[in-house]
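In: Pasting the sequence and the predicted coordinates here, then a few questions.
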Amino acid sequence: MLIKGPFNLTWGANTILDVEEINVEHSIASDEFETVQGNTYEIDGAYKASVTLTLLASDLPALGAILPQHLVANGGKLSTGEIVTDKDGAIDIVPGDCGATHNDLDIKSCASPANVFRLVNARTKIDSVEIDGKVQKVSVKFVGEPAADEATIQFFTDGTIAVVS
């Protein structure tokens, strides 16, 4: 069965709108070992997953929702010393900021019930900014950082998994 869009994206409680492109990366570190008997074994190591979204909606409310570690609220002070006087705040991309929020990134199909692709326990960071004669696009990378015993990515049908307490 084909998994069809349009797709709905959420990161925690935030709905992400006007996404131009989704780029998923998943890799597994592995090493090969050869025996003197002529056998080759490939041993898997760490798993790594990320999703990069290219956002057409790149205004302050949209960026503040998915880059909360860089949001400076109205009345706050930017790293360069200015005071923010906009009700939507400002985005201040400061290197080494360790206040990242982690949430699952869910990409849901248009089926009913939806098919869900989940990037587990992802933090966000700015990947790139493109400004041309028509629109500003901001690419945000969601970096999966699951616990050692958790999956990097998951596929499931919406409404068919339950939280175990």
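Out: Received, thanks.

In: Please make it C-alpha for all contacts and neighbour counts, starting now.
Out: OK.

In: secondary structure class for the residue of the chain most remote from its centre?
Out: When distances are taken from the C-alpha mean of the chain, residue 37 lies farthest, 44.8 Å away, according to CA atoms, centre = their mean. On the three-state scheme (DSSP: H, G, I helix; E, B strand; the rest coil), residue 37 is labelled coil.

In: From residue 31, how far off is it?
Out: Using CA to CA, to the nearest Å, residue 37 is found at 18 Å from residue 31.

In: Could you tell me the end-to-end distance of stretch 155-162?
Out: Rule used - CA to CA; the end-to-end distance of stretch 155-162 is 14 Å.

In: One more: stretch 64-84?
Out: One end of stretch 64-84 to the other measures 14 Å (CA to CA).

In: so what's residue 22 up against?
Out: The contact partners of residue 22, by CA atoms under 8 Å, 6 or more residues apart in numbering, come to 51, 52, 53, 54.

In: which ones among the residues you listed are found in strands?
Out: Among those, DSSP state E puts 51, 52, 53, 54 in strands.

In: List the beta-bridge partners for the residue positioned nearest the centre of the chain.
Out: Here the mean C-alpha position of the chain is nearest to the C-alpha of residue 142 (CA atoms, centre = their mean), at a distance of 2.3 Å. On DSSP bridges, the residues paired with residue 142 through beta bridges are residue 51, residue 124.
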